[in-house]
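Q: Structure here, sequence nowhere to be found:
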């Protein structure tokens, strides 16, 4: 395609297919369009995307819910970025003027703001070389979910060998990594999930699995040094009852509480209560970075962590995948092959 401005030099304009939206809302608003390939800033690279991961955060950014997410820089009335998708894997095509850590031809995985596209820009400090034993499709399922699990367990949970950890939401994107990383850190892991996903969580190495449709986490009287609550809605009082006296609770996300705050009321409550009790209660926002992607690459290449992929879809099926994710029908991660 070329410029058609009268009297202008015919400048080639590169185009690509991308999933975009003009407003916040349901998956019905997603469209697959032909758009221009994005320009590369000095500290960015242009990646030829081979696959993109679908994480829960992409649904929140699409919907603009809770409303607090709009205040975080995504745009108040309408999305600042038309594209969607945070996780990618592909091959570097072009590097910015200030980039020296990567070069064209490198196979990379990491994060972007518009990964559901044939090309995407990404900051060089949020990319790393793809693990040698993964395909690009597998690698695309790692960056956001894997880094979130790693930071939750290692940095905020301060998990140590031989400790007992309860992973609530063990069959989801973050949870499937949390189970495996906790086992790699030599912890004893109990996973919580629904009946249909018990086998998946067991296959990841969980020592015990609780079917939340049949039992409460408090029923067996067990106590854990660390409870990782991923996207849950249990009250703080229930979570505290399964912690040891000096145990740690780390809340990752939340799916209840209304349009304004979502599940953030639990995080805020935990932060307020934590200084008043012996238990450590808190939350965090994951920060994707090259160092942690390299740490994950080490765990993956030694065979301790493997992406749990539900299925691979095309760009034209992203809307349906978003609906399935919202309904809780995904085992592990959905990958968008491009």
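A: Received the coordinates, thanks. Computed from a predicted model, the values in this text were never measured in an experiment.
Q: Can you pull out the low-pLDDT segments for the chain?
A: Scanning the chain for pLDDT under 70 picks out the ranges 1-11, 254-263.
Q: That one: helices as residue ranges?
A: 56-63, 68-69, 136-139, 143-150, 173-184, 198-203, 236-241, 264-273, 290-301, 318-326 (DSSP state H).
Q: buried sites along the fourth one?
A: Judged by neighbour count (16 or more other Cβ atoms under 10 Å), helix 143-150 contains these buried residues: 143-150. Quick note: C-beta positions are derived from backbone N, CA and C, even for glycine.
Q: How many residues are close by residue 99?
A: Neighbourhood size, residue 99 [other Cβ atoms under 10 Å]: 20.
Q: Report the contact partners of it.
A: If a contact means Cβ atoms under 8 Å, 6 or more residues apart in numbering, then residue 99 has 42-45, 124 as its contacts.
Q: By neighbours, which of the residues you listed wins?
A: When the contacts of residue 99 are compared by neighbour count (other Cβ under 10 Å), residue 45 ends up highest, at 26 neighbours.
Q: So what pairs up with it in the strands?
A: For residue 45, the beta-bridge partners are residue 95, residue 122 (DSSP bridges).
Q: wait, isn't it in contact with residue 97?
A: No. The pair residue 45 / residue 97 is not scored as a contact, 11.2 Å apart, by Cβ atoms under 8 Å.
Q: For residue 129, list each beta-bridge partner.
A: Following DSSP bridges, residue 129 is listed with bridge partners residue 108.
Q: Residue 97 versus that one, what's the distance?
A: For residue 129, the distance to residue 97 (Cβ to Cβ, to the nearest Å) stands at 21 Å.
Q: State the number of residues packed around residue 301.
A: A total of 13 residues lie near residue 301 under the criterion other Cβ under 10 Å.
Q: roughly how far apart are it and residue 63?
A: As for residue 301, its distance to residue 63 is 36 Å (criterion: Cβ to Cβ).
Q: before we move on, what about residue 79?
A: Between residue 79 and residue 63 the computed distance is 10 Å (Cβ to Cβ).
Q: returning to what we had before: want to throw the contacts of residue 99 into CSV with distance to residue 57?
A: What follows is the contacts of residue 99, written out as CSV (distance: Cβ to Cβ, whole Å):
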residue, distance to residue 57
42, 27
43, 23
44, 20
45, 22
124, 21
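Q: Name the nearest of these relative to residue 179.
A: Set against residue 179, the nearest of the contacts of residue 99 by Cβ to Cβ is residue 124 (30.8 Å).
Q: from memory residue 239 sits against residue 229, does it?
A: Yes. Using Cβ under 8 Å, residue 239 is in contact with residue 229, at 6.1 Å.
Q: Looking at these two, which is more packed in?
A: With neighbours defined as other Cβ under 10 Å, residue 239 and residue 229 compare such that residue 229 has more, 28 against 24.
Q: If the more buried one is in a bridge, with which residues?
A: Legend: beta-bridge partners of residue 229 under DSSP bridges are residue 168, residue 251.
Q: Kindly report the same for residue 91.
A: Beta-bridge partners of residue 91, as defined by DSSP bridges: residue 48, residue 107.
Q: What is the neighbour count of it?
A: By other Cβ under 10 Å, neighbour count at residue 91 equals 15.
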